[in-house]
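[1] 3D model of this:
(2 chains)
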There are 2 protein chains.
Amino acid sequence: MKSYVVGLDIGGTKIAAGLVDLHGSLAVRMEVPTQQEKGFDHSFGRMIRLVESLLAHPSLKQASLIGMGACAPGPLDPEKGILFNPPNLSGWQNVPIRAKLQTQYGLPVHVDNDANAAGLAEALWGAAAGHAHVFYTTVSTGIGTGIVLNRKILHGKNGIAGEGGHVTINFGDTSYRCNCGNVGCIEAYASGTHAARRALEKLKGLPSLPPQLLEVTGGNWEDLTMKHLAQAARQGDSFSRSVIEETGTYLGIWLGGIVSLLDPDIIVIGGGLAEIGEPLFQAIRKEIPKRTINPFARETPVVKAAFEKDVGILGAAALVLSLPGRSRRLRA
Amino acid sequence: MKSYVVGLDIGGTKIAAGLVDLHGSLAVRMEVPTQQEKGFDHSFGRMIRLVESLLAHPSLKQASLIGMGACAPGPLDPEKGILFNPPNLSGWQNVPIRAKLQTQYGLPVHVDNDANAAGLAEALWGAAAGHAHVFYTTVSTGIGTGIVLNRKILHGKNGIAGEGGHVTINFGDTSYRCNCGNVGCIEAYASGTHAARRALEKLKGLPSLPPQLLEVTGGNWEDLTMKHLAQAARQGDSFSRSVIEETGTYLGIWLGGIVSLLDPDIIVIGGGLAEIGEPLFQAIRKEIPKRTINPFARETPVVKAAFEKDVGILGAAALVLSLPGRSRRLRA
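    This is a model prediction of the structure:
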């Protein structure tokens, strides 16, 4: 009999759910808008109805359901399965989501943050399949990380491990404050938001605007994103290409430190910026060996994530299938 | 019957060896000068004679010997037990120390670098005993790190994990190059060598020399070390105190990033600079929460290592007693 896991990806804009088999194939997928502006009870109710639609799906008639996983933006407590106060899910304060779902469906439920879950999906079934020590990062509006060791997420003392976007790489630069309040975090250099900010600042200093970038943005400079820069770079714009390369250099400085510290088997990069592809990855791979003492750094693969928009569902499902025995503290 | 392990600490100046019991007590201790200037065969021979003296010790008459551990300055391959080319052990190139000792004595032998071994000793028996996720750092001439998860050293792909002294914390400052060739590494800010360098530079700008510092150094400024600064600070010198606090701030910036990334149960600091004690530790503890997104960072203990000069012997012995099943890659 076929076995499935429910993967539930709770986001600020939409809630997506799917049936995932034990090999990481997504068999059924559904989603609804979160409508968080209508309050917690409303969006939680939408989520429950979504899960119930999924559980009524004909695929489950001849199959067994072995568990449920949910991922959400952090911070959260993965051990207790409680969301604290996700900035992008207003109203979802201190929600004991694990207990609620477990009671409702009588299934084992695991909860983790987006980046950890995505890293686990990549480690089990994606770009890092077969590797024991995986460093995953998602680079989009912000920068999240997930460390997966021997098919288990490294959670640390409070379940907060993996917030590597807030590692300081340049404490001396106090010109921009990261969303976390600190200065010099990698997120303040290389997230999509901050890379686009840098591009805008540089544009102001140019004698004339790059025509390819003008075309792809239609002159709406306030809405400039890395997608525009990637598109203009593909059309030959050297300015856009230089912003992409600079962003890759920053990521390489940071990842060089990670390689010194953790010597991972593989580095997997997902999120919106990974879609830029080789121009970004080449700059990253070039910089890492300059910024690490690890003599084998050139041989550490730095690859694009295998999963894109469904990584949340797959990651949530992977939580159920990760090896048992999460690391805990030895004493209270 | 009592059981012992041999711990062998191979250093550039001396080779120390001891019998360590299963609770981390050092029963017998011996050492010889390395005399590396006389070549590898000479110093290796001294090491073997040292081990043989230890094995002939009366304590072993009524006891069993269950293994041997050796630590040395990296880089080395802990899995194969080969020293590559330790900068402080000239002539010891590509020495298969594990195989040599195993053949000679017919005992299981484990080999690792100094900082990893020291971190393991602290995790098993020292300041971090009972904690599952331990971040250890030794701050002296250089900065080494060791990550111990569930009583096992995190080695990574090539066995080089834990070189956290070469994490970039300030890439924009190109005024000093770290020994590794990079700029902006934490080692280039907070190692004993670099902290003393900063003190000397600041002294040049002072209208008059701090009398306490003049007294403890005897005016030999070229030989200024953090020991002098610690002594002068204890005598009330505010200049020395400020250098110590600045060094603690740099370490806190770096450790804040580590807390974001790894969320360790405890941070243990050893090496010469830890001897400065509270003035340094207070500055570190004050800075960490400013430099991490982890909301629990204030509760993460930052403590002085329990072991001082014998940490190498204890760490080497601990290698034998760490849990079996070192992490390996899942595929070749």
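[2] Was I right to think residue A:179 contacts residue A:187?
    Yes. Counting by CB atoms under 8 Å, residue A:187 is a contact partner of residue A:179 at 7.1 Å. All C-beta spots, glycine's among them, are computed from the backbone N, C-alpha and C.
[3] ok, and the closest non-adjacent residue to the residue in the stretch 101-250 of chain A that chain B sits nearest to?
    Using CB to the nearest CB, the single residue of the stretch 101-250 of chain A nearest to chain B is residue A:156, 2.6 Å away. If the residues on either side of it in the chain are set aside, residue A:156 comes closest to residue B:263, at 2.6 Å by CB to CB, 6 or more residues apart in numbering or on different chains.
[4] mind checking pLDDT for residue A:113?
    On the pLDDT scale, residue A:113 is placed at 93.
[5] Next up, the contacts around the residue of the stretch 101-250 of chain A closest to chain B.
    By CB atoms under 8 Å, 6 or more residues apart in numbering or on different chains, residue A:156 lies in contact with A:162, B:133, B:262, B:263, B:264, B:265.
[6] Lowest-confidence entry in these?
    residue A:162 (86).
[7] Now do the contacts for that one.
    Residues in contact with residue A:162 (CB under 8 Å, 6+ apart) are A:113, A:115-116, A:119, A:144-147, A:153-156, B:261, B:263.
[8] CA atoms of stretch A:287-307 as CSV?
    What follows is stretch A:287-307, C-alpha atoms only, in CSV (Å, rounded to 0.1, in the frame of the first residue of the first chain):
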residue,chain,number,x,y,z
GLU,A,287,35.1,34.3,-3.5
ILE,A,288,34.7,31.4,-1.1
PRO,A,289,38.3,30.0,-1.3
LYS,A,290,39.7,33.6,-0.7
ARG,A,291,37.7,33.8,2.5
THR,A,292,38.4,30.5,4.2
ILE,A,293,41.4,28.7,5.6
ASN,A,294,40.0,25.4,4.4
PRO,A,295,42.4,24.1,1.8
PHE,A,296,39.7,21.9,0.2
ALA,A,297,37.1,24.7,-0.2
ARG,A,298,37.4,24.7,-4.0
GLU,A,299,36.1,21.2,-4.0
THR,A,300,33.0,22.0,-1.9
PRO,A,301,30.0,22.0,-4.3
VAL,A,302,28.0,25.2,-4.3
VAL,A,303,24.8,24.3,-6.1
LYS,A,304,21.3,25.6,-6.9
ALA,A,305,18.4,24.1,-4.9
ALA,A,306,16.4,21.4,-6.7
PHE,A,307,13.0,22.6,-5.4
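[9] Please see if it touches chain B.
    Yes. Using CB under 8 Å from any CB of the partner chain, stretch A:287-307 reaches chain B at A:290, A:291, A:292, A:293, A:294, A:295, A:296, A:300.
[10] Just the buried residues from these, in PyMOL please.
    Only the buried entries of those go into this PyMOL selection, using 16 or more other CB atoms under 10 Å in any protein chain shown:
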select buried, chain A and resi 291+292+293+294+296+300
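[11] quick one: the strands in the stretch 101-250 of chain A?
    Taking DSSP state E, counting those that start in this stretch as the criterion, the stretch 101-250 of chain A carries its strands at A:109-113, A:133-139, A:143-149, A:152-153.
[12] The residue nearest to residue A:156 contacts residue A:153, correct?
    No. The pair residue B:263 / residue A:153 is not scored as a contact, 11.5 Å apart, by CB under 8 Å.
[13] quick one on the thing from earlier: any idea how many residues pack against the residue nearest to residue A:156?
    24 (other CB atoms under 10 Å in any protein chain shown).
[14] cool, and residue A:38?
    Residue A:38 has 12 nearby residues by other CB under 10 Å.
[15] From the centre of chain A, give me the residue that's furthest out.
    residue A:207 (37.4 Å; CA atoms, centre = their mean).
[16] dump the residue contacts of that one.
    Contacts of residue A:207 (CB under 8 Å, 6+ apart): none.
[17] per-residue confidence for it?
    Residue A:207 is given a pLDDT of 94.
[18] Against residue A:239, how distant is it?
    Between residue A:207 and residue A:239 the distance is 11 Å, computed by CB to CB, to the nearest Å.
[19] ok, now residue A:290?
    24 Å.
[20] what's the answer for residue A:71, then?
    In terms of CB to CB, residue A:71 sits 37 Å off from residue A:239.
[21] Kindly report the same for residue A:231.
    In terms of CB to CB, residue A:231 sits 13 Å off from residue A:239.
[22] How about residue A:33?
    For residue A:33, the distance to residue A:239 equals 37 Å [CB to CB].
[23] Between the two, point out the one with more neighbours.
    Under the criterion of other CB under 10 Å, the comparison of residue A:33 against residue A:239 puts residue A:239 first, with 18 against 11.
[24] How many neighbouring residues does residue A:12 have?
    Neighbours around residue A:12, by other CB under 10 Å: 16.
[25] should've said residue A:37
    So residue A:37, with other CB under 10 Å, has 9 neighbours.
[26] show me the contacts for it.
    Contacts of residue A:37 by CB under 8 Å, 6+ apart are residue A:90.
[27] Tell me the secondary structure at it.
    With DSSP: H, G, I helix; E, B strand; the rest coil as the basis, the three-state label of residue A:37 is helix.
[28] and it, what pLDDT?
    Predicted confidence (pLDDT) for residue A:37: 91.
[29] Distance of it relative to chain B?
    Note on residue A:37: its distance to chain B, by CB to the nearest CB, to the nearest Å, is 26 Å.
[30] how far away is that residue from residue A:13?
    From residue A:37 across to residue A:13, the span is 11 Å (CB to CB).
[31] do residue A:131 as well
    In terms of CB to CB, residue A:131 sits 32 Å off from residue A:13.
[32] ok, now residue A:59?
    26 Å.
[33] Could you do residue A:236 as well?
    On the measure of CB to CB, residue A:236 and residue A:13 end up 34 Å apart.
[34] And residue A:285, by the same measure?
    Residue A:285 is 33 Å from residue A:13, by CB to CB.
[35] Which strands or helices does the strand or helix carrying residue A:15 pack on?
    Using DSSP states H and E, residue A:15 falls within strand A:14-21. In terms of contacts (3 or more CB pairs under 8 Å, 6 or more residues apart in numbering or on different chains; DSSP states H and E), strand A:14-21 is packed against strand A:2-10, strand A:26-33, helix A:40-55, helix A:311-321.
[36] if we go to 10 Å?
    Counting contacts by 3 or more CB pairs under 10 Å, 6 or more residues apart in numbering or on different chains; DSSP states H and E, strand A:14-21 packs against strand A:2-10, strand A:26-33, helix A:40-55, strand A:63-72, helix A:311-321.
[37] Show residues contacting the second one.
    Contacts made with strand A:26-33 from outside it, assessed by CB atoms under 10 Å, 6 or more residues apart in numbering or on different chains, are listed as A:2, A:4, A:6-7, A:9, A:11, A:13-21, A:43, A:46-47, A:49-51, A:53-54, A:57-60, A:63, A:307, A:309-310, A:313-314, A:317.
[38] Name every strand pairing with that strand and say which way it goes.
    Counting by DSSP bridges, the strands paired with strand A:26-33 are strand A:14-21 (antiparallel).
[39] Just the mean pLDDT for the strand it pairs with, thanks.
    Rounded mean pLDDT across strand A:14-21 is 97.
[40] With just CA atoms, put it into PDB.
    Extracted in PDB, the C-alpha atoms of strand A:14-21 (Å, rounded to 0.1, in the frame of the first residue of the first chain):
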ATOM      1  CA  LYS A  14      -0.900  31.700   1.000                       C
ATOM      2  CA  ILE A  15      -1.200  28.400   2.700                       C
ATOM      3  CA  ALA A  16      -0.300  25.400   0.600                       C
ATOM      4  CA  ALA A  17      -0.700  21.800   1.300                       C
ATOM      5  CA  GLY A  18       0.200  18.500  -0.400                       C
ATOM      6  CA  LEU A  19       0.400  14.800  -0.200                       C
ATOM      7  CA  VAL A  20       4.000  13.700  -0.500                       C
ATOM      8  CA  ASP A  21       5.200  10.100  -0.900                       C
END
